[in-house]
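**Student:** next comes the sequence, and after it the predicted model I'd like to discuss.
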Amino acid sequence: MKDSSLFGIEMQARIKAMIADIRFQAEIHDTPACLDLFTRAGIYYVESLDWQQKLLKSSKQFTVAGVDIRELAATNFSITAMVMSSLGVKINNTDLIGLKEFTFSNLYRKAPVAMLADLRYIFNFIAPNAEALADYRIDEDYTTELGTLADKFEAVTKLPQAVIKQHADDKIQWEAKEKKIFKFYDTEFDTFMQIYRIVDVTFYLAYTSARHVRHHHLKRKAPPIVPVPTTGTLETYVVMKTTLVPLAEVSLLIDDNEVAILTDGNGETYTPGMAPGLHHGKLVKTDLKDVPFDFTIVAGKTCALQFVMEAADVEDDEPPVS
């Protein structure tokens with residue numbers, strides 16, 4: 001699954017989590033259109049998780065039995081090829097002599113389908129030279145067992161090929177589903193939520209914050225979660241009060257740090273590895289009012305905060321949204 005898909009699923013998880021936020025429960029449940037959108041978003045999230053699990057299954061691994069048969073086939077057919085090349089030298093048959101190139105390593109290191117083709121190629125030289133090969137212990141019984149081994153190898157080869165094909169088909173289906181989900185957010189959910197720019201800015205900013213995964217621009221998968229997390233993460237989203245446009249290059253000072261973290265072009269910061277407990281922060285930008293705030297970090301969790309900033313010459317009429 002692509003990084004963009006993983007971050008998309010993380011975004012859906014954040015949207016779903018808003019339903020449990022006590023600040024927004026009344027608005028979501030008392031507004032039919034809002035409840036309908038969040039309900040459908042929750043259904044899409046469950047479907048996305050199901051597809052994620054399906055696509056995480058490997059499409060390239062042999063079973064243990066398959067590995068054993070592959071090794072046995074490479075061994076027996078390489079030995080058979082060497083013996084047949086010996087006959088080729090005796091009777092001056094260049095085709096049989098050439099079979100000496102099919103060593104164990106040359107067979108075993110090939111992809112299963114290519115190796116199977118080589119086994120069939122070697123086997124097809126037995127029948128035309130059956131009488132002479134019988135003197136070399138490659139008799140009828142030996143040939144039958146060798147043919148059975150090739151058939152077994154072909155059977156275990158078809159299994160991973162079928163899995164690979166299914167995996168490819170699943171990816172096509174998931175991409176279609178993912179487009180449908182993104183269209184739902186882009187054309188229906190996002191446009192509906194614009195009303196809250198007027199009637200409930202806190203709700204609107206929480207939604208837009210959830211829609212933008214903070215570290216999506218790093219273009220890499222999130223690191224695996226340690227069994228017992230010892231640190232947490234702070235994420236901030238900062239916009240201009242009058243326009244709700246994201247603010248870039250806002251300095252974030254944490255616990256009086258001299259080195260500031262700057263918001264990116266999306267008005268966001270992402271600070272992992274923070275010690276649990278109460279911290280003090282401040283947002284600073286030239287010509288804008290400073291925004292001091294306190295926040296609590298919990299190990300293994302993300303503290304996501306949203307803020308509005310305003311011009312320094314504007315009188316306060318309400319506290320910043322967070």
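**Tutor:** Okay, I see it. Numbers count the residues shown, from 1 in each chain.
**Student:** quick one: low-confidence ranges for the stretch 51-200 of the chain?
**Tutor:** Residues of the stretch 51-200 of the chain meeting the criterion pLDDT under 70: 57-66, 159-167.
**Student:** same thing with the stretch 201-322 of the chain?
**Tutor:** For the stretch 201-322 of the chain (pLDDT under 70), the answer is 213-227, 258-259, 314-322.
**Student:** show me the helices in it, by range?
**Tutor:** In the stretch 201-322 of the chain, the helices defined using DSSP state H, counting those that start in this stretch lie at 201-211.
**Student:** continuing past the lengthiest helix in the chain, what's the next helix or strand?
**Tutor:** For the chain, the helix reaching the highest residue count under DSSP state H is reported as helix 140-184. Next along the chain after helix 140-184, taking DSSP states H and E as the criterion, comes helix 190-193.
**Student:** list the helices and strands that next one packs on?
**Tutor:** helix 32-56, helix 201-211 (3 or more C-beta pairs under 8 Å, 6 or more residues apart in numbering; DSSP states H and E). (C-beta placed from N, C-alpha, C; glycine too.)
**Student:** off-centre distance for that helix?
**Tutor:** In terms of C-alpha atoms, centre = their mean, to the nearest Å, the centre of helix 190-193 is set 28 Å apart from its chain centre.
**Student:** contacts for that helix, please.
**Tutor:** For helix 190-193, the surrounding residues in contact (C-beta atoms under 8 Å, 6 or more residues apart in numbering) are A33, C34, L37, Y204, Y207, T208, R211.
**Student:** ditto for stretch 285-294
**Tutor:** 247, 249-251, 278-284, 305, 307, 309-312, 314, 316, 320, 322.
**Student:** the longest helix of the chain packs against which elements?
**Tutor:** Short answer (3+ C-beta pairs under 8 Å, 6+ apart): helix 140-184 packs on helix 3-17, helix 32-56, helix 64-91, helix 112-123, helix 130-134.
**Student:** make a markdown table from those helices and add mean neighbour count and distance to D151 to it.
**Tutor:** Listed next are those as a markdown table, based on neighbours: other C-beta atoms under 10 Å; distance: least, C-beta to C-beta, whole Å:
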| stretch | mean neighbour count | distance to D151 |
| --- | --- | --- |
| helix 3-17 | 17 | 40 |
| helix 32-56 | 15 | 31 |
| helix 64-91 | 17 | 10 |
| helix 112-123 | 17 | 10 |
| helix 130-134 | 14 | 19 |
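**Student:** okay, those helices in a markdown table with distance to N266 next?
**Tutor:** Supplementary listing: those in a markdown table, determined by distance: least, C-beta to C-beta, whole Å:
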| stretch | distance to N266 |
| --- | --- |
| helix 3-17 | 13 |
| helix 32-56 | 21 |
| helix 64-91 | 48 |
| helix 112-123 | 46 |
| helix 130-134 | 73 |
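**Student:** hmm, back to that, I'd like the helices and strands packed on helix 190-193 as CSV, with distance to D3 appended.
**Tutor:** What follows is these, written out as CSV (distance: least, C-beta to C-beta, whole Å):
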stretch, distance to D3
helix 32-56, 13
helix 201-211, 17
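**Student:** who wins for proximity to R137 among the ones you listed?
**Tutor:** helix 32-56 (48.4 Å; C-beta to C-beta).
**Student:** and the angle for the closest one with helix 201-211?
**Tutor:** 10 degrees (axes from the mean of the first three to the mean of the last three C-alpha atoms, to 10 degrees).
**Student:** show me the contact partners of helix 32-56.
**Tutor:** 1, 5-6, 8-9, 12-13, 15-16, 18-19, 27-29, 167, 170-171, 173-174, 177-178, 181, 184-185, 188-189, 192.
**Student:** how about a cut-off of 7 Å?
**Tutor:** 1, 9, 12-13, 15-16, 19, 27-29, 170-171, 174, 177, 181, 184, 188-189, 192 (C-beta atoms under 7 Å, 6 or more residues apart in numbering).
**Student:** how about stretch 110-121?
**Tutor:** A73, F77, F102, L107, A150, F153, E154, T157, P160, Q161.
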